[in-house]
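# Sequence and computational prediction follow.
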Amino acid sequence: MDESVQPNMVIKSSSIVEDYEVLWRKSLGTGVSGPVRLCVKRNTGEKYALKCLVDSKKARTEVLLHQRCCPHPNIVQIYDVYCNSVQFPREAVARSRLLVVMELMNGGELFDQIIREKHFTEKKAAAITKQIVSAVCHCHSLNIAHRDLKPENLLLKEKSEDLQNVTIKLADFGFAKEDIGLVTPQFTPYYVAPQVLEAQKQQRLERSGLKTPPGTPYTYDKSCDMWSVGVIIYIMLCGYPPFFPETPSKQMTPNMKRKIMAGEYRFPENEWSMVSGMAKDVIQRLLEVDPVKRMTVQEFIHHPWLLGEEAPELALLSPAIMQDKDALNEVMHAHAQQLTAMRTPDTSFQLKPLKSAENPILKKRLKAR
């Protein structure tokens, strides 16, 4: 019997093994919130991906938001959700888990396919981006920020010799969040991100009854998605990220953080001489430090570069550069760290009044007034 848990979300309390054969030893990967296994529908023989989440409020929110974004041609489809007691190896007892049956993406990760491309061009990069932006646009239209847009979460429906013939889908809504308004996050004044300050500014305007500037419909959660799209395009076009540590294997250095905060990156001649000015304009408008000035998804879908008509068909160097697996893994890790730093907290905090602060430097300054 089906049990309705939240609006638009139905979770089955019956055993999943009645409907699917679960191949527990067949791992398809690990998402941000749980492992993924292969399963087969008993009455059709069709194969699906099964995501296993420990049942919690956060897990249910993930499933709910993912389901809200379905169906869409560029978002991984959810077909069934079960709540069953499951005991994994090395666990002392069984735990209540959400078992999410999703479409199987046989083509693997987007960047792995780019590496295999013999003639990867800016025109192909634009076509790929168009599919990614379509998914983001759909999420944002539902007031949902994905907050984890990265290459590992861009999957191909099927394997193909040519990227122009594949469907790319957005996966893993483990960090997704409904954008229900600005919060006042806790922060240390010395290290506050510009996104947080901008959010406070907009919040003050709203509380004062003043209108926010035109063209600023998004909080920094949604604009965080657009920043990620900019990073992904940059890597596709040259093979390395716009911001990276100076020393190999050194993760997030202070100088790297400074460059991110300042939006300091370059278009080195060797890799970028064959890239169009229009593509560079897209990147510059997406990697804008001020989220209010950053290009929104609605603005991007109308950008001429996304149509690909004027994009050069010269072979790019990015596939060859991305073949260095160690370097590519560093790219992925650096991007994940940057993205984590830009996400807003899930809980709201109020800042302490200065008079009640325990910071000795602040106390000293207050006494000196």
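Looks like it came in fine. Numbering: from 1, shown residues only.

# And D148, what's its pLDDT?
Here, the pLDDT recorded for D148 equals 87.

# tell me which element the closest residue in space to A145 that isn't next to it in sequence is part of?
Spatial nearest neighbour of A145, excluding adjacent residues (CB to CB, 6 or more residues apart in numbering): D221 at 3.9 Å. Using the backbone N, CA and C atoms, a C-beta is placed for each residue, glycine as well. Assessed by DSSP states H and E, D221 sits inside helix 220-238.

# mean confidence for that helix?
So the average pLDDT for helix 220-238 ends up being 88.

# what does stretch 292-311 give?
87.

# what does stretch 119-132 contact?
74, 110, 114, 117, 149, 154, 163-164, 167-168, 170, 229, 232-233, 236-237, 274-276, 279, 305-308, 311-316, 318-319 (CB atoms under 8 Å, 6 or more residues apart in numbering).

# if you look at those residues, which of them are in helices?
Of the contacts of stretch 119-132, the ones assigned to helices by DSSP state H are 110, 114, 229, 232-233, 236-237, 279, 305-307, 318-319.

# Widest-spaced pair of these?
Within the ones in helices among the contacts of stretch 119-132, L307 and P319 form the most distant pair, 23.2 Å apart (CB to CB).

# between those two, which one's more packed in?
More neighbours surround P319 than the other of L307 and P319, with 19 against 13 (other CB atoms under 10 Å).

# Would you check how far apart the more buried one and S33 are?
When distance is defined by CB to CB, to the nearest Å, P319 is 31 Å away from S33.

# got it, and E62?
Note on E62: its distance to S33, by CB to CB, is 6 Å.

# what does S56 give?
Shown here: S56 relative to S33, a distance of 9 Å by CB to CB.

# Give me the domain ranges for the chain.
For the chain, the structural domains run 2-103, 108-342, going by automatic domain parsing.

# isn't K157 right next to V166, touching?
Yes - assessed by CB atoms under 8 Å, K157 is found in contact with V166 at 6.5 Å.

# So which of those two has more stuff around it?
Remark: of K157 and V166, V166 carries more neighbours, 20 against 17, as counted by other CB under 10 Å.

# I figured that one hits L156, correct?
Yes - V166 is within contact range of L156, at 4.9 Å (criterion: CB under 8 Å).

# give me the low-pLDDT residue ranges for the chain?
Filtered on pLDDT under 70, the chain yields the residue ranges 1-9, 31-32, 180-220, 244-264, 325-328, 331-332, 334, 338, 341, 343-369.

# where exactly do the helices run in it?
Counting by DSSP H, one finds helices in the chain at the ranges 57-68, 110-116, 122-141, 194-207, 220-238, 254-262, 269-272, 277-286, 297-300, 304-307, 318-322, 325-342, 360-368.

# That'll do, ta.
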